[in-house]
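Trainee: I would like the atomic coordinates for the input below:
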Amino acid sequence: MDAATMDETVARILTRIVAGQFTQHVAVNVAKLIHMQTDTELAKSVQDCDLISIDGMGVIWAARMLGHKVPERVAGVDLFDRLLAEAGRAGLPVYLLGATDEVVARVATICADRYPDLQIAGYHHGYFGADQQSVVDRIRESGARLLFVAITSPTKENFINRWQAALGVDFVMGVGGTFDVVAGKVSRAPRWMQRAGLEWFFRVLQEPRRMWRRYLVTNSRFALMLGKALIVQR
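Mentor: Numbers count the residues shown, from 1 in each chain. Below you'll find the predicted structure:
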């Protein structure tokens, strides 16, 4: 994982784009790290990435407890906003892939209003199933330089890793549920909860039936992993 600040991460991405280096970016959190323990395809897709940011206070706290210097969290939704602003200034077209037809269209409209100089090369919903080739063709033919993929894990990581050479973009990043946040379909936790590492709890409060079991299982397994790592380190 790359222990970098938000500013450093943005600078690295832009430097690589200008240099013509393809960049596959991924953000990891507790849930993704846990799933990587049993999902070998997901683990490979993440490990193959050029930049791996930490999007999750639980991972940051664990890394610090193990003696690693991690300056701050690089949240995917915040990095998305920063890169859209930079893409607008640099004249780099972007493509939005994911969510429903209605949501991704709304995100495109909101982003165009928020960043007047931004060129949106195209957008497509994320429910294309096995018809991946035609979606990849659309992205490549759009002329986009940056691609943001808002599909659930591990589908997005595996899709990106499989098709990266055919996408025709300079940068690709999975952004999870970011489109739902931008479109106003899902509220983001208040800043104080984000800083306190309680964004997961805010999501449980929003969708208790769907989220409580997920976080109970993943957080418990992560705590066990951390405990074992601390024992080994001693």
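Trainee: so what secondary structure elements neighbour the helix or strand hosting Glu41?
Mentor: Secondary structure assigned from DSSP states H and E places Glu41 in helix 40-47. Applying 3 or more Cβ pairs under 8 Å, 6 or more residues apart in numbering; DSSP states H and E, one finds that helix 40-47 contacts strand 23-28, helix 30-36, helix 155-163. No exception for glycine: its C-beta is placed from N, CA and C like everyone else's.
Trainee: Next SSE downstream of that helix?
Mentor: Next along from helix 40-47, by DSSP H and E: strand 51-54.
Trainee: which helices and strands sit right next to that following strand?
Mentor: Here strand 51-54 touches helix 6-18, strand 23-28, going by 3+ Cβ pairs under 8 Å, 6+ apart.
Trainee: Please identify the most buried of those.
Mentor: Ranked by average neighbour count under the criterion mean count of other Cβ atoms under 10 Å, the helices and strands packed on strand 51-54 are headed by strand 23-28 at a mean of 23.
Trainee: Quick one: residues in contact with that one.
Mentor: Applying Cβ atoms under 8 Å, 6 or more residues apart in numbering, the external contacts of strand 23-28 come out as 1, 13, 16-17, 45-46, 48-56, 59, 74-76, 79, 157, 160-161, 164, 170-174, 176.
Trainee: how about Ile120, what does it touch?
Mentor: So Ile120 contacts Pro93, Val94, Tyr95, Leu96, Ala108, Cys111, Ala112 (Cβ under 8 Å, 6+ apart).
Trainee: sorry, back to before: in the helix holding Glu41, what's buried?
Mentor: Leu42, Ala43, Ser45, Val46 (16 or more other Cβ atoms under 10 Å).
Trainee: Include distance to Leu66 and mean pLDDT when you put the helices and strands packed on strand 51-54 into a markdown table, please.
Mentor: Formatted as a markdown table, those follow (distance: least, Cβ to Cβ, whole Å; pLDDT from 0 to 100):
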| stretch | distance to Leu66 | mean pLDDT |
| --- | --- | --- |
| helix 6-18 | 21 | 97 |
| strand 23-28 | 15 | 96 |
